[in-house]
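[1] got a structure for you, letters missing:
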């Protein structure tokens, strides 16, 4: 395996978690800026929102979970444009919610939900185009 092959493998394995990490970090930072505070309750609410969306979507997809992860996904997802979409959605929620703990909860939930659903839609459309 060449260095370039190794690099391509590393990027393909890390692309989705990297995008999610960046999206979630931006959303959290923007929520903190919007509410001008980040207390224990806010941080735990953000975690609960992110985990809640993840667990809800995992439960919905449970019967179709692949035997091996990562499942085949389009290489274009490595560009991580979906991270910006997810962060924008999660950040946008903060403007509509005046209470910080609820805002953090919904920001984490929204960012996670948008990121996972956008990956699912991208995979779906890519498989449709291959047919």
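    Received it, and whenever you're ready, just let me know what you need. This structure is a prediction, so every number in the text was calculated from the model and none was measured. Residues are numbered from 1 along each chain as shown.

[2] drop to CA atoms for contacts and neighbour counts, all remaining ones
    OK.

[3] hmm, who's touching stretch 1-20?
    If you take CA atoms under 8 Å, 6 or more residues apart in numbering as the criterion, stretch 1-20 is touched by 70, 75, 77-80, 82-83, 112, 115.

[4] which two in those are spaced the farthest apart?
    75 and 112 (20.6 Å; CA to CA).

[5] between these two, which is the more surrounded one?
    Neighbours of residue 75 and residue 112, each counted by other CA atoms under 10 Å, are more numerous for residue 112; the result is 28 against 12.

[6] where's that one, which helix or strand?
    Assigned by DSSP states H and E, residue 112 falls within helix 100-130.

[7] average pLDDT across that helix?
    The pLDDT scores in helix 100-130 average 91.

[8] I'd like the numbering to begin with 26 instead of 1 from here.
    Let's use 26 as the start, then, which means that last one is helix 125-155.

[9] got the buried residues for the helix or strand harbouring residue 108?
    Per DSSP H and E: residue 108 is located in helix 106-121. For helix 106-121, a neighbour-count test (16 or more other CA atoms under 10 Å) marks 107-119 as buried.

[10] between these, which is nearest residue 51?
    For the buried residues of helix 106-121, the nearest to residue 51 is residue 112 (6.2 Å; CA to CA).

[11] for that closest one, which non-adjacent residue is closest in space?
    residue 48 (4.7 Å; CA to CA, 6 or more residues apart in numbering).

[12] check which residues of the top helix by length along the chain are buried.
    Assignment by DSSP state H gives helix 28-60 as the longest helix of the chain. Of the residues in helix 28-60, 37, 40-41, 44-45, 47-49, 51-53, 55-57, 60 count as buried by neighbour count, 16+ other CA under 10 Å.

[13] could you point out which element follows it?
    Next along from helix 28-60, by DSSP H and E: helix 65-85.

[14] just give me how far that next one sits from the chain centre.
    Taking CA atoms, centre = their mean, to the nearest Å, one finds the center of helix 65-85 at 11 Å from the center of the full chain.

[15] do stretch 134-147 as well
    Taking mean C-alpha positions (CA atoms, centre = their mean), stretch 134-147 and its chain are 6 Å apart.
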